[in-house]
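In: Just a sequence and a predicted model for now, questions to come.
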Amino acid sequence: MIDKITALSDKYNMFKKGDIVVCGLSGGADSVCLLLCLYRLREKFGINVEALHVNHCLRGSESDRDEKFCRDLCKRLDVPFKAERCDVNACAAENSLSTELAARKLRYEIFSRYTQGRKLATAHNADDNLETVILNLSRGTALKGLAGIPPVRGNIVRPLLGVTRAEIEAYLAEIGQDYVTDSTNLTDDYTRNKIRHRIIPLMREINPSLNMTFVSSADGIRDENAYIEAMTDSAECECLSENSLTGLEKYDTVIRSRCISRLLVRNSLPVSHERIRECEEILLHGGKLNLSGDIYFVSDGTKAELKVIHDAEVLENVSVPLKVGENSIFSGLKLICEVIDRQKCDRPNDVNRKLTFYVLDYDKIKGAAVLRSRKNGDKIQLCGRSFHSSVKKLINEKIPPEERCTLHFIEDEEGTIFAEKLGIAQRVAPDGNTMKLLIISICDDKQEWSGSFDTEKK
């Protein structure tokens, strides 16, 4: 036990001479073992040991019993002791959290407040690490999640990660040290307990040495993860400037993904496997992706960055009947409609290739057409496609933010048939039977229009 703790502590440089190490003490077997081992190793490590107990006040007299047990143990060892109480139920209600998550949130807030300038030692052991990895796997994870609980994170150290729960209980029995048992750990009310009581016993039927096998596996995974993290550090050092990444495309996808993930985490943005892959595609090929609110991940193919883009797309709805001739719904712009016979335009598809001209089959328009600004929830089945697309998604991918607020849309009785800079709907595309063409162009209102058409849709 002591040798394992010493080896892990040395490998990860957990302690320095003169450190004040605060042991998170619940009164359970794990934390009692941690306190006693740190107390025993205090001279070897050159550290001063203290203890902190968080009373979650969830189990009435049992919670008070745990606090008293911890206080008495520290008094016997002459270890400085501090106890704090918190209202978990109120925190859960206020933050819409489960009791389990609210307790963890409050516990670590107290830990953080009390351990400024000190080390915090928590009693996570090999069994806890295995449970965490299984939980990560069930939710989806990569190598970092398979590495489980880190031995060191900031000022938090976990000296028992290489020790199993069975070893901890055997050690306490050997030295005749008692401990308290949290009754909630005996139920399946919490997700982690379900893993502990149901899944791991089944895995032990396959491999009776599961815990020790996992200790070795986790150690190897942590080493590999540490190597990748070091490479990611190097890539960040070269490519990261504030909230932009330049030159990251030359690195392997594993390094790119981690750099993107770190960028999102630092800015408190949602992170998922799918989101990172989307950002990586944009980093490599250019484009933009809405991450949250008005924050976008934007790239021109060489430089990717987080940008705040104030969306000017949500405008006051503007809608007018479409007429042949000049139409205007935005200041400084006009949309011109011209209806001509098919014979006068031998290659209408060529017109479609021009940026400011669009050609529709005039007779396929259903009922009265309306010219309008963009609306929330707009969808269109673009010409040549067999599916409907979100207009918002298309705009985010293809159109610069500064051009979005004056986009023209045309709809008939069955939906959107024209979206400026995106195209026309498949159902109004000209074909071999087309007799009349509706030609649409958009220009500055100072440009003169010849007025060459004379047909109107009835």
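Out: Yes, it's here. These numbers were taken from a predicted model, which means no experiment stands behind them. Residues are numbered from 1 along each chain as shown.
In: Strands along the stretch 251-400 of the chain, start to end?
Out: Applying DSSP state E, counting those that start in this stretch to the stretch 251-400 of the chain gives strands spanning 287-292, 295-299, 303-308, 319-321, 325-327, 333-341, 357-361, 370-372, 379-380, 389-390.
In: Quick check: which of these has the most neighbours on average?
Out: Mean neighbour count (mean count of other CB atoms under 10 Å) peaks for strand 357-361 among the strands of the stretch 251-400 of the chain, with a mean of 23. (Each C-beta comes from the backbone N, C-alpha and C, glycine too.)
In: how about the strands of the stretch 251-400 of the chain in TSV, adding distance to residue 24 and mean pLDDT?
Out: Below are the strands of the stretch 251-400 of the chain laid out as TSV (distance: least, CB to CB, whole Å; pLDDT from 0 to 100):
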stretch	distance to residue 24	mean pLDDT
strand 287-292	33	82
strand 295-299	36	88
strand 303-308	36	90
strand 319-321	62	89
strand 325-327	69	91
strand 333-341	64	90
strand 357-361	66	87
strand 370-372	61	93
strand 379-380	53	92
strand 389-390	48	90
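In: Figure out which of those is closest to residue 52.
Out: strand 287-292 (35.3 Å; CB to CB).
In: wait, which of the strands of the stretch 251-400 of the chain is closest to residue 418?
Out: Closest to residue 418 of the strands of the stretch 251-400 of the chain is strand 357-361 (CB to CB; 6.2 Å).
In: circling back to that earlier point, how about the strands of the stretch 251-400 of the chain, which one is nearest residue 424?
Out: With CB to CB as the measure, strand 357-361 is the member of the strands of the stretch 251-400 of the chain nearest residue 424 (5.4 Å).
In: Would you mind writing the CA trace of that closest one as CSV?
Out: Only the C-alpha atoms of strand 357-361 are listed here, as CSV (Å, rounded to 0.1, in the frame of the first residue of the first chain):
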residue,chain,number,x,y,z
PHE,A,357,-29.6,36.3,-62.5
TYR,A,358,-32.0,33.5,-61.7
VAL,A,359,-34.4,31.7,-64.1
LEU,A,360,-37.6,30.0,-63.0
ASP,A,361,-40.4,28.3,-64.9
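In: Check which helices and strands it sits against.
Out: helix 348-352, strand 415-419, strand 423-424, strand 436-444 (3 or more CB pairs under 8 Å, 6 or more residues apart in numbering; DSSP states H and E).
In: As a markdown table, these with mean pLDDT would be great.
Out: Listed next are those as a markdown table, based on pLDDT from 0 to 100:
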| stretch | mean pLDDT |
| --- | --- |
| helix 348-352 | 46 |
| strand 415-419 | 94 |
| strand 423-424 | 93 |
| strand 436-444 | 89 |
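In: Need the ones you listed in a markdown table (columns: distance to residue 7 and mean neighbour count).
Out: Compiled in a markdown table, these are given as follows (distance: least, CB to CB, whole Å; neighbours: other CB atoms under 10 Å):
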| stretch | distance to residue 7 | mean neighbour count |
| --- | --- | --- |
| helix 348-352 | 71 | 15 |
| strand 415-419 | 65 | 22 |
| strand 423-424 | 65 | 21 |
| strand 436-444 | 72 | 18 |
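In: quick one, which of these is nearest to residue 266?
Out: Closest to residue 266 of the helices and strands packed on strand 357-361 is strand 415-419 (CB to CB; 36.1 Å).
In: Residues in contact with the closest one: which ones?
Out: For strand 415-419, contacts defined as CB atoms under 8 Å, 6 or more residues apart in numbering pick out 358, 360, 365, 369, 378-380, 391, 394, 407-411, 424-425, 427-428, 440.
In: the inter-axis angle of it versus strand 436-444?
Out: With axes from the mean of the first three to the mean of the last three CA atoms, to 10 degrees applied, the angle from strand 415-419 to strand 436-444 works out at 50 degrees.
In: Strand 415-419 pairs with which strands, parallel or anti?
Out: With DSSP bridges as the test, strand 415-419 is paired with strand 409-412 (antiparallel), strand 423-424 (antiparallel).
In: possible to save these as CSV with distance to residue 198?
Out: Converted to CSV, the strands paired with strand 415-419 look like this (distance: least, CB to CB, whole Å):
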stretch, distance to residue 198
strand 409-412, 55
strand 423-424, 55
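In: so which of those strands comes closest to residue 126?
Out: Closest to residue 126 of these is strand 423-424 (CB to CB; 58.9 Å).
In: what residues does that closest one touch?
Out: Strand 423-424 has contacts (CB under 8 Å, 6+ apart) with 352, 358-360, 380, 382-383, 417-418.
In: Pull the most distant pair out of the residues you listed.
Out: Spanning the widest gap among the contacts of strand 423-424 are 359 and 380, at 16.1 Å by CB to CB.
In: What confidence value was assigned to residue 286?
Out: Looking at residue 286, its pLDDT reads 81.
In: I meant residue 191, not that one.
Out: In this model, residue 191 is scored at 74, pLDDT.
In: Please name the residues that touch it.
Out: Residue 191 makes contact with 100, 135 under the criterion CB under 8 Å, 6+ apart.
In: Skipping adjacent residues, who's closest to residue 306 in space?
Out: Leaving out its chain neighbours, the residue that sits closest to residue 306 by CB to CB, 6 or more residues apart in numbering is residue 243, at 4.2 Å.
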